[in-house]
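Participant: what's the 3D shape of this:
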Amino acid sequence: MQMLTRDYREERKEQFILEHQDKWRKIGNEFKESRESYGLTKQFVAKELGVSVSKVSNFENGNSITHAKLMENAYFMLFILYKLSQLGKQHNLKTQN
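Facilitator: Take a look at the predicted model:
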């Protein structure tokens, strides 16, 4: 019985991955484009999120990773914080002149 349950779970997992692969590729590609437009490296993002560079690469390439939704939310928050810090720097430059 235990073997059957394990096989069933593996089969469901593979099916889930196949069903969502295109969506993950699209999301990963959007984050990659955003990261590059901000001039951020994978190494910087990995360090800020506390994950490996390979996890960032897998996420951006649409590969299945554990906690993908958490990674997506973390990326989004990082970009917001980065953009706010850039706006703050621009504001400080304007007020100094």
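
Participant: of all the residues in the host helix or strand of residue 29, which ones are buried?
Facilitator: Using DSSP states H and E, residue 29 sits in helix 2-37. By neighbour count on 16 or more other C-beta atoms under 10 Å, the buried set for helix 2-37 is 24, 27-28, 31-32, 34-35. Any C-beta I mention is one placed from the backbone N, CA and C, and that applies to glycine too.

Participant: could you point out which element follows the host helix or strand of residue 54?
Facilitator: Assessed by DSSP H and E, residue 54 sits inside helix 53-60. Moving toward the C-terminus from helix 53-60, the next helix or strand (DSSP H and E) is helix 68-96.

Participant: now stretch 74-86: mean pLDDT?
Facilitator: For stretch 74-86, mean pLDDT rounds to 82.

Participant: now do stretch 11-26
Facilitator: Throughout stretch 11-26, pLDDT has a mean value of 79.

Participant: cool, stretch 33-45 as well?
Facilitator: 90.

Participant: and if you look at stretch 50-70?
Facilitator: 83.

Participant: name the residues that touch it?
Facilitator: 17, 21-22, 24-29, 31-32, 35, 42-43, 45-46, 49, 71-72, 75 (C-beta atoms under 8 Å, 6 or more residues apart in numbering).

Participant: hmm, try it at 7 Å
Facilitator: The contact list for stretch 50-70 (C-beta atoms under 7 Å, 6 or more residues apart in numbering) reads 17, 21, 24-25, 28-29, 31-32, 42-43, 45-46, 71.

Participant: straight-line length of that stretch, end to end?
Facilitator: Chord length of stretch 50-70, first to last residue, is 12 Å (C-alpha to C-alpha, to the nearest Å).

Participant: alright, that wraps it up for me.
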